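>>> Build the 3D model from these lines:
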Amino acid sequence: KDVVKAVELFRRAADDGRSSLGKCCLAFAFDTGLGNVGERVRAKELYRQAAAQLDELVEGARDGDAMAQFHLGRMHDKGAGVLQDLGKAAELYRQAVDQGRADAQNSLGVMYEEGRGVEQDTGKAAELYRQAAGQGHALARFNLGQMYEEGRGVEQDLGKAAELYRQAAEQGDADAQNNLGVMYDKGLGVAQDAGRAAELYRQAAEQGDAEAHNNLGIMYKHGRGVEQDLGKAAEHFRLAADQGHAWAQNSLGSMLEEGLGVAQDLGKATELYRRAADQGLAEAQDNLGVMYFQGRGVPQDLGKAAGLFHQAADQGDTSARVRLGLMYKKGRGAEQDLGKAAELFRQAAEQGDADAQNHLALMYKEGAGVERDEGRAAELYRQAADQGLARAQFSLGLMYSNGRGVQEDLGEAAELYRRAADQGLAEAQNNLGVMYEMGRGVPQDLGKAAELYRQAGEEGHASALFHLGLMHYKGRGLPQDLGKAAELYRRAAGKGHASAQNQLGLMYEDGRG
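Numbering: from 1, shown residues only. Below you'll find the predicted structure:
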């Protein structure tokens, strides 16, 4: 097999000018990328030239020439040089199929798979692909592989899909190389092998395949199967983005926004997000919405931000639903509507988004946009807390501490505060400090209390600063130090803490510290 030589011979026959079949064969080569030619514009012109000699093709097809039947069918299928007629295309393909022509078997299979010119029948499509694949037709092997991968027209079989992709990939089919790469990447039907996946993506990318460039960009960005190289990642995303690949446009936009592997350029990032968003990519609509919301790379426009979040949210994007919910809750960029906010949070919460669960819990706790239900609030806080969201762990800890929405359980409250405190949440560090100081839910431990107050105080938590000041003032768990006490009271008082202001006033009155 030598596709380069085949293309050269097709070119000679077409250049001869006397053979419409020669023009059709070369047009087919250009149209399908045979031999890496990939000149689709030239293909249309060749079909137009062949149409000028249509009588030769029609006569050949009528006389039972399978090649003529196939190419005339393709011209009617694509509307290339003749009026599009899918029914006539299917009939001509069928005539060529009856003579065992593999490319006709594949093309008629596509028509049955898509329901074009014939009643849709994925079973017939799979059988036709199987016949062509048995003759070594690379595209048919790819098409049949997809059907086995997705379980359409055949029982799903990832192993068979991978084998068919492998056969087509070895014949140089870029789509098969990419799809087989995905299977190795994810361990579908084959043992997971990121290195093999990257190599297959590279083979397809070298043929200019946009999907493969995007996938290889992901591998370089995360260092999977290849050594991490953000510059190479950005370059592969660019090569795919230039072909209109929406995911690559979004990914390159993100790298430009953050200055990863490329110089930061918010204007270019915004433009790439816009191109992907215009193709309906929800993630890009969300990202572009954030740019308008924050005024990064574009003038701030909350109305445009809300509109973009709407588009993404309508497609089920969880981040966009949360952002739009917050806009409705606060009345920013949209008229305040607590009911709409709660509904958006509910949708995102059902998708497992911890932030949405936390926001919706607060609305149930306060009865904002929904009927007040502290039990439901506790359930939602629990869902978010179990995902590690510190704010939800703290809020649920408060409910256990106060016995609201749940039965009071100081031990559970302390454990929740601890989980949030370990993530650096100052409010949780302060509350856990109080529990250790008072011996509530945990054994009393003034040293631990002081350390927790100190951690929260470093984050500027006023109550923690006051409590730590009081410990220094009384010499409780810490050496008495009136100077330190006064300084801590001063810092807390500056943040509006009333008790600290009062204690500091008493120290000034008595001239102590």
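
>>> To what extent is residue 193 buried, counted in neighbours?
16 (other C-beta atoms under 10 Å). (Glycine included, C-beta is placed from N, CA and C.)

>>> which residues touch it?
Listed by C-beta atoms under 8 Å, 6 or more residues apart in numbering, the contact set of residue 193 reads 184, 225.

>>> same thing but 10 Å
Residue 193 sits next to 181, 183, 184, 185, 187, 199, 200, 225 when contact means C-beta atoms under 10 Å, 6 or more residues apart in numbering.

>>> Among these, find me the one that's closest to residue 290.
residue 185 (28.5 Å; C-beta to C-beta).

>>> Could you tell me how far the closest one is located from residue 222?
Going from residue 185 to residue 222 by C-beta to C-beta, to the nearest Å gives 11 Å.

>>> Report the buried members of the contacts of residue 193.
Buried by 16 or more other C-beta atoms under 10 Å: 181, 183, 184, 185, 199, 200, 225, out of these.

>>> Could you list which of the residues you listed belong to helices?
Of the positions in the buried ones among the contacts of residue 193, 181, 183, 184, 185, 199, 200 sit in helices, assigned by DSSP state H.

>>> any idea what sits nearest the fourth one, other than its immediate chain neighbours?
In space, residue 185 comes closest to residue 197 once its chain neighbours are excluded; the distance is 3.8 Å by C-beta to C-beta, 6 or more residues apart in numbering.

>>> What residues does that neighbour make contact with?
178, 180-187, 190, 215-216, 219, 224-226.

>>> all strands of the stretch 401-513 of the chain, in order?
Ranges of strands within the stretch 401-513 of the chain: none, based on DSSP state E, counting those that start in this stretch.

>>> shaky segments in it?
Of all residues in the stretch 401-513 of the chain, those with pLDDT under 70 make up the ranges 513.

>>> which residue is nearest the centroid of the protein?
Nearest to the geometric centre of the chain sits residue 283, at 6.4 Å (C-alpha atoms, centre = their mean).

>>> Any figure for the gap between it and residue 397?
In this view, residue 283 and residue 397 are 34 Å apart by C-beta to C-beta.

>>> Same check on residue 261?
The gap separating residue 261 from residue 397 is 41 Å, by C-beta to C-beta.

>>> picking up where we left off before, quick check: of the ones in helices among the buried ones among the contacts of residue 193, which lies closest to residue 462?
residue 185 (50.5 Å).

>>> and the closest one, what does it touch?
Neighbouring residues of residue 185 by C-beta under 10 Å, 6+ apart: 192-194, 196-198, 200-201, 215, 218-219, 224-225.

>>> of all those residues, which comes closest to residue 360?
residue 218 (32.5 Å).

>>> can you tell me which helix or strand the closest one belongs to?
helix 210-222 (DSSP states H and E).

>>> right, and the helix or strand after that helix?
Toward the C-terminus, helix 210-222 is succeeded by helix 230-241 as the next helix or strand (DSSP H and E).

>>> roughly how far is that following helix from the heart of the chain?
Centre-to-centre, helix 230-241 and its host chain are 17 Å apart (C-alpha atoms, centre = their mean, to the nearest Å).

>>> after that helix, next one along is what?
The helix or strand immediately downstream of helix 230-241 is helix 246-258, counting by DSSP H and E.

>>> Name the next helix or strand following that next one along the chain.
By DSSP H and E, the next helix or strand past helix 246-258 is helix 266-278.

>>> Tell me how far that next one lies from the chain's centre.
The chain centroid and the centroid of helix 266-278 are separated by 16 Å under C-alpha atoms, centre = their mean.

>>> quick one: average pLDDT of the helix or strand that that helix is followed by?
Counting by DSSP H and E, the next helix or strand C-terminal to helix 266-278 is helix 282-294. Predicted confidence along helix 282-294 averages 98 (mean pLDDT).

>>> In CSV, list the C-alpha atoms belonging to helix 282-294.
The C-alpha trace of helix 282-294 is given here as CSV (Å, rounded to 0.1, in the frame of the first residue of the first chain):
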residue,chain,number,x,y,z
ALA,A,282,-20.2,26.8,28.7
GLU,A,283,-16.9,26.9,30.4
ALA,A,284,-15.8,29.8,28.1
GLN,A,285,-19.0,31.6,28.7
ASP,A,286,-18.4,31.4,32.4
ASN,A,287,-14.8,32.5,32.1
LEU,A,288,-15.7,35.4,29.9
GLY,A,289,-18.5,36.3,32.3
VAL,A,290,-15.9,36.5,35.1
MET,A,291,-13.7,38.8,33.0
TYR,A,292,-16.7,41.2,32.6
PHE,A,293,-17.7,40.9,36.2
GLN,A,294,-14.2,41.8,37.4
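
>>> Any regions of the chain where pLDDT drops low?
Ranges of the chain meeting pLDDT under 70: 1-58, 60, 81, 513.

>>> residues in contact with residue 217?
Shown in contact with residue 217 (C-beta under 10 Å, 6+ apart): 201, 205, 230, 232-241, 245, 247-248, 251-252, 255, 261.

>>> picking up where we left off before, of all the contacts of residue 185, which comes closest to residue 72?
Proximity of these to residue 72 (C-beta to C-beta) peaks at residue 200, which lies at 36.3 Å.

>>> before we move on, the earlier item: make a markdown table from the contacts of residue 185 and add distance to residue 309 to it.
Output for the contacts of residue 185, formatted as a markdown table (distance: C-beta to C-beta, whole Å):
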| residue | distance to residue 309 |
| --- | --- |
| 192 | 36 |
| 193 | 39 |
| 194 | 35 |
| 196 | 40 |
| 197 | 34 |
| 198 | 35 |
| 200 | 37 |
| 201 | 33 |
| 215 | 28 |
| 218 | 25 |
| 219 | 31 |
| 224 | 31 |
| 225 | 35 |
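
>>> Closest one of these to residue 358?
Nearest to residue 358 among the contacts of residue 185: residue 218, at 30.0 Å, using C-beta to C-beta.

>>> Now do the same contact list for the closest one.
So residue 218 contacts 185, 198, 201, 224, 225, 233, 236, 237, 247, 248, 251 (C-beta under 10 Å, 6+ apart).

>>> which of these are buried?
By the neighbour-count criterion of 16+ other C-beta under 10 Å, those include these buried positions: 185, 198, 201, 225, 233, 236, 237, 247, 248, 251.

>>> could I get these as a markdown table with distance to residue 387?
Putting the buried ones among the contacts of residue 218 into a markdown table (distance: C-beta to C-beta, whole Å) gives the following:
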| residue | distance to residue 387 |
| --- | --- |
| 185 | 26 |
| 198 | 31 |
| 201 | 32 |
| 225 | 29 |
| 233 | 29 |
| 236 | 33 |
| 237 | 30 |
| 247 | 26 |
| 248 | 30 |
| 251 | 25 |
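
>>> ok, those vs residue 268, which is closest?
Taking C-beta to C-beta as the measure, residue 268 lies nearest residue 237 of the buried ones among the contacts of residue 218, at 12.2 Å.

>>> List the contacts of the closest one.
Counting by C-beta under 10 Å, 6+ apart, residue 237 has contacts 213-214, 216-218, 220-221, 245, 247-256, 261-262, 272.

>>> And for residue 471?
Contacts for residue 471 (C-beta under 10 Å, 6+ apart) come out as 433, 437, 446, 449-450, 453-454, 477-481, 484-485, 488.

>>> Tell me which of these fall in helices.
Per DSSP H, the contacts of residue 471 map to helices at 433, 437, 446, 449, 450, 453, 454, 484, 485, 488.

>>> nearest spatial neighbour of residue 292, skipping sequence neighbours?
That would be residue 305: by C-beta to C-beta, 6+ apart, it lies 4.0 Å from residue 292.

>>> can you tell me the helix or strand for that neighbour?
Secondary structure assigned from DSSP H and E places residue 305 in helix 302-314.

>>> who's in contact with that helix?
Residues outside helix 302-314 that contact it (C-beta under 10 Å, 6+ apart): 273-274, 277, 280-295, 298, 301, 317-328, 332-334, 344, 347-348.

>>> Many thanks, we can stop here.
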